[in-house]
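Trainee: just coords:
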């Protein structure tokens, strides 16, 4: 690759006097304004000159397009990143998300003028209820982590409504959980109590029982868990937590394999979030925007955050509704509060609805099983060379504990980096923390058998190389635009802007 | 006299003052230290309270005070060069505190007990 | 199989053989039958693309067309060069995950570094993170950050003039996190300095931070001269909530001595999209770097000495710190940081200045036209504004909104109460648009 072109920052392409924009003309000149309006005092105007790049449009386009070739997306190739559900992002979704009559809609548009947008929200909300086995969803949370926070707020509000808000402050979280779970609980003002996992990452019910008392607000679980193992004892766990007066929270990070198979609501979960950017195919965008809708069972819907979209059959005055007032936006005093200024990432919601409509009931029924088939196929094809710590059925993802042959000194990090040379994104590494050399693979249902076979061949090739030429694996990657960045220097002397970058 | 806590801080007792740092074992576990978050002079610490954190690239550990007391010295050299802790964790203490209640030292471990603790 | 799933029946059979299973259901033998779905989802059958388009067209048709938007309240109808969407649609950007593998994510990492630089320059602050969800959550996180960076202080003072949409989110985060919030009363549409001083005199030792907006919810540019010194004399952090694009012409949080600048960057060309995705920005002094929530990108070199970029300072984050993290946030608004970086690259400082001047002139013209017949007036006539103002009307605001939307496809503003409307102008409205709206206002009774 050409570092001269690709390596530059936009600031280095700036030349005084160039521009890439023409400001629209309003047709209003200062002489048209005769009223005396308080001018902006000079004490309130910017003093320092603003330095932004001065570049023409062709240069900007070429700069960013060149940069994009240093990136790897789902459209570039196979992305077996465990727990991230990097499935294909359908193109029709993009078209629907930028529909002209939605793209220009201001969030404060009165409901009578935004019935279509509100109906879209409502329709997706209802579809998620059907898939999750819940009574009602809010689509407001912007991401999975904020969904968790919102769900925990629902739970705190529920306990407070029963006069137990101060008493019930503990959240039970398995030690194998994603780091977000305890972080969300802490932000929500709850105390984290870890429950030990058994070797396969499932909850140790014997360890759980003594933790359950009248100080427990909730238990948070992913199911399947972070090892891709289905929590068989979930009905018993739910019953125990409910008996103690706590609620069950379902972290939807691993919902994908349950599409068409089972619903969190039927397992005893009271509150759940889904990641539209995982299970419902919306693009990850290099880190966002995502969307983390939160669903609740009947009885908890009143605590969902404001603003709320409601579907009416009669108007507040008692008249039958029509096409201009069926949907409304409301703020309820018993709601948990607000986690967003608006109704959330609407354009992401539109993509997810397009996906659900495109798959339909029949397609959704197929998705989860094919995701599990693909993952199991890889697992069974590699377990002779890679150490499979947990035998038995797994779902959409599984974890190897590095290579079987540890004598070569080749680590999971080396394997991950060597995969980049083969043109694959790396799996999730060093998570979960249950094993030293975790290598977590999730292929999703949108990969063909040929892709999986090629990936399996690459993994086998790396295992062979680890024995025959370990240095090549240990110094990987070799074919990427950059190789092995110095993380320590980056954290020791942080350079976070161009202005602090030495030439 | 050097004593250790179960959270891997040491305190080197010098009269009524104690110099607190992290053990050599702890620095090895953390790897390359990139930042030490330290309290202000004059802060009052309770035994068992967080008084800062120590960070490497991929890990972080809270610093827990082994005694109650007032922060009377802060090792500013660590702000400039946190890797001093990797070079010599025992010489490069993080803070010094007054030891308000010497009896609090009683539940800390001496060198032999700490060595057994980390071996176990 | 559905067209997104490449599996043939032969594939499935052979793959199942390798897995030692007879059927797909065998792979779920560990799921108790009592938990299994008994029938397909009660949802429509899968649609082809024509049907999906028609479904969305039908929904969109239920909205009333709004071609001209004078509504603001923190979110503005600014234009955006076509090249921005073209670049943001590049699938290498769009379909990438978080840049955890820097070797194959330099595109994402580099645009975030460019974004951080541009936001730091725009706000006049030393550093920026890689973005937050939106302006409201960025402000809430700024409040939590102030508390986390101050030992044993748990009170934050928030101006009454902050947008109520932002305030609701701040209050919610604070309430659950156990942070006390006290409102600084306003006086004549502005944060009352006297009331703030009084609060600091009585509770100063507990105050971790002070949150003030500029411009505030009513569009008024508040004068925060000397505020930083006042806050700092009580060791409280000053947090200024602002509108990103305004900072090209208004005094910056950095120039005012703020510790944290936060707000929404939607005004930098992001489509309104009925509420999102937008972009929260969070910038601060360098001394608060380690308390910053969210992702941060830093420059470094690779093993061959080439400049490159990585996610850095990760020890602050949830995947390492778990319940001790600075925040639970795991993502940023990646694609939207690309969006505003490309926007700022194209529009430049000169373009932003022109946009602000055009918006202000149109706002003044709008004010003149709306008040010409004496039936509407500024609520705070002596206060300076940039492009947004609060108007009191003799006629009901509902009547104006209904008539303007239905007769002229114009959204005239945001209803504050029956006789008060918040109106904003941008470079996207023309003289004719204002004239048409003013004509409709004349007919309102």
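Mentor: Looks like it came in fine. Everything quoted here is computed from the prediction, not taken from an experiment.
Trainee: any idea how far residue A:400 is from residue B:25?
Mentor: According to CB to CB, to the nearest Å, residue B:25 and residue A:400 sit 30 Å apart. For the C-beta atoms, the positions are set from N, CA and C on the backbone; glycine is no exception.
Trainee: of these two, who's got more company?
Mentor: The neighbour count for residue B:25 versus residue A:400, taken as other CB atoms under 10 Å in any protein chain shown, is higher for residue A:400 (26 against 17).
Trainee: Pull the residues that contact the helix or strand harbouring that one.
Mentor: Per DSSP states H and E, residue A:400 falls inside strand A:398-401. Here strand A:398-401 makes contact (CB atoms under 8 Å, 6 or more residues apart in numbering or on different chains) with A:82, A:226-228, A:375-376, A:378-379, A:382-383, A:386-390, A:432, A:434-441.
Trainee: Burial check on the residue of the stretch 301-450 of chain A found nearest chain B, number of neighbours?
Mentor: Using CB to the nearest CB, residue A:430 is the residue of the stretch 301-450 of chain A that sits closest to chain B, at 8.3 Å. Neighbour count of residue A:430, defined by other CB under 10 Å: 17.
Trainee: thinking it is in contact with residue A:412, fair?
Mentor: Yes: here residue A:430 reaches residue A:412: they are 6.6 Å apart, a contact under CB atoms under 8 Å.
Trainee: shared neighbours, these two?
Mentor: A:437-438.
Trainee: In the beta-sheet assignment, what are the partners of the residue nearest the centre of chain B?
Mentor: Geometric centre of chain B, nearest residue: residue B:21, 2.6 Å, by CA atoms, centre = their mean. Taking DSSP bridges as the rule, residue B:21 bridges to residue B:10.
Trainee: give the contact list for it.
Mentor: Residue B:21 neighbours (CB under 8 Å, 6+ apart): B:9-10, B:12, B:85, B:89-90, B:92-94.
Trainee: in the helix or strand where residue A:61 lies, what counts as buried?
Mentor: Using DSSP H and E, residue A:61 maps to helix A:57-68. With burial defined by 16 or more other CB atoms under 10 Å in any protein chain shown, the residues of helix A:57-68 counted as buried are A:57, A:59-61, A:63-64, A:66-68.
Trainee: Return the distance of residue B:85 relative to chain A.
Mentor: 12 Å (CB to the nearest CB, to the nearest Å).
Trainee: wait, what's in contact with that residue?
Mentor: Contacts of residue B:85 (CB under 8 Å, 6+ apart): B:21-22, B:27, B:33, B:36, B:54, B:78, B:92.
Trainee: cool, residue A:32 as well?
Mentor: If you count contacts by CB under 8 Å, 6+ apart, then residue A:32 has C:365, C:431 around it.
Trainee: One more: residue A:10?
Mentor: A:53, A:55, A:60, A:63, C:114, C:341, C:345.
Trainee: can you list the residues you listed in CSV and add distance to chain B and secondary structure?
Mentor: Shown next, in CSV, are the contacts of residue A:10 (distance: CB to the nearest CB, whole Å; DSSP: H, G, I helix; E, B strand; the rest coil):
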residue, distance to chain B, secondary structure
A:53, 31, coil
A:55, 35, coil
A:60, 34, helix
A:63, 30, helix
C:114, 24, helix
C:341, 26, helix
C:345, 31, helix
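Trainee: Compare those and tell me which is most surrounded.
Mentor: Neighbour max across those (other CB under 10 Å) = residue C:345, 31 neighbours.
Trainee: Would you list the phi and psi of residue B:3?
Mentor: Main-chain dihedrals, residue B:3, degrees, to the nearest 10: phi -120, psi 160.
Trainee: Tell me the bridge partners for it.
Mentor: With DSSP bridges as the rule, residue B:3 is bridged to residue B:11.
Trainee: One more: residue A:400?
Mentor: residue A:439.
Trainee: what about it, distance to residue A:416?
Mentor: 11 Å.
Trainee: shared neighbours of the two, anything?
Mentor: residue A:439.
Trainee: where does chain B dip in pLDDT?
Mentor: The model of chain B has no residue with pLDDT under 70.
Trainee: need the strands for it, in chain order.
Mentor: Taking DSSP state E as the test, the strands found in chain B are B:2-4, B:9-14, B:17-22, B:33-37, B:44-45, B:50-56, B:60-64, B:69-74, B:95-98.
Trainee: mind listing what the residue of chain B found nearest chain A touches?
Mentor: For chain B, the nearest residue to chain A under the criterion CB to the nearest CB is residue B:34, separated by 4.0 Å. Contacts for residue B:34 (CB under 8 Å, 6+ apart) come out as A:488, A:491-492, B:55-57, B:82-83, C:315.
Trainee: hmm, which two among those are most spread apart?
Mentor: Farthest-apart pair in those is B:83 and C:315; separation 14.7 Å (CB to CB).
Trainee: Can you report how many residues neighbour residue C:235?
Mentor: Neighbours around residue C:235, by other CB under 10 Å: 12.
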